[in-house]
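Peer 1: Provided below are the primary sequence and the corresponding predicted coordinates.
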Amino acid sequence: MPDETTQFILGDTAADALSNGRRGLFGRKRKGKKVRPRLTHCENCEAPLTGEYCANCGQHAIDYRRSLLRVLVDAADSFLNWDTKFLKSIGILIARPWRLTNDFNAGRRARYVHPLRLYLLASIAFFLMAKLVNFTGFSDNRTVQLNAEDRVEIDTALSKLSAPDSPLSPEQRAKIEAARARWSSPDSGIAQQRAKFDRAMLRLPRFAEKTEWKPKDLEKLDTTLATLEKLDREVEGPPIPPADSVGDNPAPAALPTPPPGPQISFSPVIQFDRGDSEPKDAFGRWIESRVKEKVGEDGTKATLFLDTLRSNVPTMMLFCVPLFAFVLKVLYFRQRRYYIEHLVYALHIHTFAYVAVVVITLLGMGAERISPALQQVLIVILPFIAIAQVFVSIRRVYGQGWFMTTFKFLLGGLVYLCVLALGVGVTAFITLVLP
């Protein structure tokens with residue numbers, strides 16, 4: 001009898017617990033999580049759902065009214081999936097650029113990033129790096145303004161590097177003395193070469209500050225001294241010998257002075273005719289007025305104009321890609337391919353060019369820290385490898401023999417260079433015309 005009573009009490013307690021729900025700490029009832037039913041209709045177009053995506057409008061059938069953790073997990077899954085696809089596309093593009101085009105034209109597209117999206121990403125990376133690295137040599141031709149502090153710093157570095165207790169070799173100290181002789185001479189020669197010489201002299205204080213010399217530091221110093229020696233000859237005649245090398249030897253005979261010629265000045269970028277002659281037509285006068293407004297009377301606004309022109313180059317290149325596809329369409333018209341197939345290859349090969357330039361530049365910058373000689377080797381070899389990849393990709397995509405591929409590669413490259421030159425001219429004209 002007591003056993004039956006005990007079983008009855010336990011059963012009644014269990015039934016009460018099931019009916020009233022679980023209780024938490026201090027006997028409070030714990031609310032169960034509200035389970036939302038799965039979506040049966042698309043929330044966008046209200047069409048019945050038969051899978052993960054709506055068959056009518058394509059919207060992903062995800063209910064975002066869930067816990068934040070679950071939403072973050074879904075977002076991370078989508079990002080990693082896309083990231084894996086992007087890395088795979090870039091890897092195949094660098095190793096075998098023709099495979100992306102062949103797979104896309106054959107219908108195997110889901111495993112790769114879309115050609116246009118891949119091109120835009122590579123274009124952003126390329127032109128951003130071009131802006132940061134500053135490929136243009138325009139600033140190298142301008143006069144270097146050295147203040148008194150810079151000159152004192154350079155003089156101190158020259159004295160320290162050429163001192164007897166310097167860790168440099170006698171040959172290096174002799175080159176330092178020759179550079180000092182040219183540095184202390186009056187400004188002469190072509191302003192462009194003098195500016196390069198002064199800019200190279202600004203590198204010497206970095207070497208004078210070193211307390212411990214490594215082999216790569218000495219190699220970099222040799223490179224700088226070789227540059228100074230070359231620029232020394234270009235600035236004005238042979239280098240001036242150091243003071244202690246002048247002995248009882250008679251001075252060499254002076255060279256005959258050449259007849260006076262026109263003086264070349266590189267300070268102003270553009271010189272306008274200041275005479276009384278006027279352009280004959282109204283269009284010429286209008287162009288000259290626009291150039292004066294955009295570039296300045298003596299090229300004072302040239303840097304701003306070039307920066308604006310450079311910012312318009314990505315748009316120009318985007319318009320040149322369909323033109324390159326048209327060139328391919330003409331070269332391979334007998335294969336009866338659709339224009340979109342040529343456009344896909346044009347996008348892939350331009351993307352490859354952007355990625356190749358970025359990779360070569362980064363490798364060159366990294367090699368410069370290790371060895372300048374290694375940097376020069378990479379800069380010479382890697383571009384040839386990239387050009388060979390483009391050549392092989394054309395043969396693999398269009399399937400012609402070596403002779404016809406070589407002929408069309410050279411002809412198409414020449415025609416496209418003309419297209420790019422025309423595109424730069426049109427872009428410069430539009431940049432000049434727009435307010």
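Peer 2: Yep, that arrived. Residues are numbered from 1 along each chain as shown.

Peer 1: Could you use CA atoms for every contact and neighbour count after this?
Peer 2: Will do.

Peer 1: For the host helix or strand of residue 368, buried residues please.
Peer 2: Using DSSP states H and E, residue 368 maps to helix 339-370. For helix 339-370, the neighbour count (16 or more other Cα atoms under 10 Å) marks 341-358, 360-361, 363-364, 367-368 as buried.

Peer 1: who does that helix touch, helix- and strand-wise?
Peer 2: helix 68-95, helix 97-105, helix 115-133, helix 302-331, helix 372-398 (3 or more Cα pairs under 8 Å, 6 or more residues apart in numbering; DSSP states H and E).

Peer 1: quick one: average confidence on the fourth one?
Peer 2: Spelled out, that is helix 302-331. Average pLDDT, helix 302-331: 88.

Peer 1: go on, stretch 374-388?
Peer 2: 89.

Peer 1: who's in contact with that stretch?
Peer 2: Residues outside stretch 374-388 that contact it (Cα atoms under 8 Å, 6 or more residues apart in numbering): 353, 356, 360, 363-365, 367-368.

Peer 1: now residue 227, nearest residue through space, not along the chain?
Peer 2: Spatial nearest neighbour of residue 227, excluding adjacent residues (Cα to Cα, 6 or more residues apart in numbering): residue 200 at 7.4 Å.

Peer 1: which element is the one you found on?
Peer 2: Here residue 200 is assigned to helix 191-201, by DSSP H and E.

Peer 1: In terms of residue numbering, what are the domains of the protein?
Peer 2: Domain ranges of the chain: 36-65, 140-244, 282-433, per automatic domain parsing.

Peer 1: Dump those to CSV, plus distance to residue 88.
Peer 2: Listed next are these as CSV, based on distance: least, Cα to Cα, whole Å:
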stretch, distance to residue 88
domain 36-65, 24
domain 140-244, 37
domain 282-433, 14
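
Peer 1: Quick one: closest of the ones you listed to residue 109.
Peer 2: Within the domains of the chain, the stretch nearest residue 109 is domain 282-433; the backing value is 11.7 Å (Cα to Cα).

Peer 1: Pull up the distance across the closest one, start to finish.
Peer 2: End-to-end distance for domain 282-433: 15 Å, by Cα to Cα, to the nearest Å.

Peer 1: hang on, the earlier thing: ok and the helix holding residue 368 relative to helix 115-133, angle-wise?
Peer 2: Here helix 339-370 runs at an angle of 30 degrees relative to helix 115-133 (axes from the mean of the first three to the mean of the last three Cα atoms, to 10 degrees).

Peer 1: Quick one: mean pLDDT over helix 339-370.
Peer 2: 90.

Peer 1: got it, and stretch 392-406?
Peer 2: Stretch 392-406 carries an average pLDDT of 92.

Peer 1: Report the buried residues of it.
Peer 2: Residues 392-397, 405-406 are the ones in stretch 392-406 that count as buried (16+ other Cα under 10 Å).

Peer 1: Of the residues you listed, which pair is most distant in space?
Peer 2: Maximum pairwise distance among the buried residues of stretch 392-406 (Cα to Cα): 13.7 Å, between 397 and 406.

Peer 1: Spell out which residues are contacts of both of these two.
Peer 2: With Cα under 8 Å, 6+ apart as the test, residue 397 and residue 406 reach no residue in common.

Peer 1: Any chance of the backbone angles for residue 41?
Peer 2: Residue 41 has phi and psi values of phi -130, psi 150 when expressed as degrees, to the nearest 10.

Peer 1: how many other residues sit next to the nearest residue to it once chain neighbours are set aside?
Peer 2: Excluding its sequence neighbours, the residue lying closest to residue 41 (Cα to Cα, 6+ apart) is residue 48, at 4.4 Å. The local packing of residue 48 (other Cα atoms under 10 Å) involves 14 other residues.

Peer 1: same question for stretch 209-221, mean pLDDT?
Peer 2: Stretch 209-221 shows a mean pLDDT of 76.

Peer 1: Identify each buried residue in that stretch, please.
Peer 2: Buried residues in stretch 209-221, defined by neighbour count with 16+ other Cα under 10 Å: 217-218, 220-221.

Peer 1: Same list, those, but as TSV with secondary structure and distance to residue 314 please.
Peer 2: Shown next, in TSV, are the buried residues of stretch 209-221 (DSSP: H, G, I helix; E, B strand; the rest coil; distance: Cα to Cα, whole Å):
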residue	secondary structure	distance to residue 314
217	helix	38
218	helix	41
220	helix	35
221	helix	38
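
Peer 1: where's residue 129 relative to residue 314, distance?
Peer 2: To residue 314, residue 129 is 13 Å away according to Cα to Cα.

Peer 1: for residue 292, same thing?
Peer 2: Noted for residue 292: a distance of 25 Å to residue 314, by Cα to Cα.

Peer 1: ditto for residue 167
Peer 2: Separation of residue 167 from residue 314 (Cα to Cα): 49 Å.

Peer 1: Name the nearest residue to residue 224, ignoring sequence neighbours.
Peer 2: residue 200 (7.0 Å).

Peer 1: isn't the one you found right up against residue 221?
Peer 2: No: contact criterion Cα atoms under 8 Å: residue 200 and residue 221 do not qualify, at 11.0 Å.

Peer 1: coming back round to it: which stretch among the helices and strands packed on helix 339-370 comes nearest residue 182?
Peer 2: helix 372-398 (25.5 Å).

Peer 1: Tell me the helix or strand right after that closest one.
Peer 2: helix 402-433.

Peer 1: neighbours of the residue nearest to residue 173 when sequence neighbours are not counted, just the number please.
Peer 2: What sits nearest to residue 173 in space, not counting adjacent residues and going by Cα to Cα, 6+ apart, is residue 162, at 5.0 Å. Here the number of neighbours of residue 162 (other Cα under 10 Å) works out to 21.

Peer 1: Now do the same contact list for residue 112.
Peer 2: Residue 112 touches 85-86, 88-89, 100, counting by Cα under 8 Å, 6+ apart.
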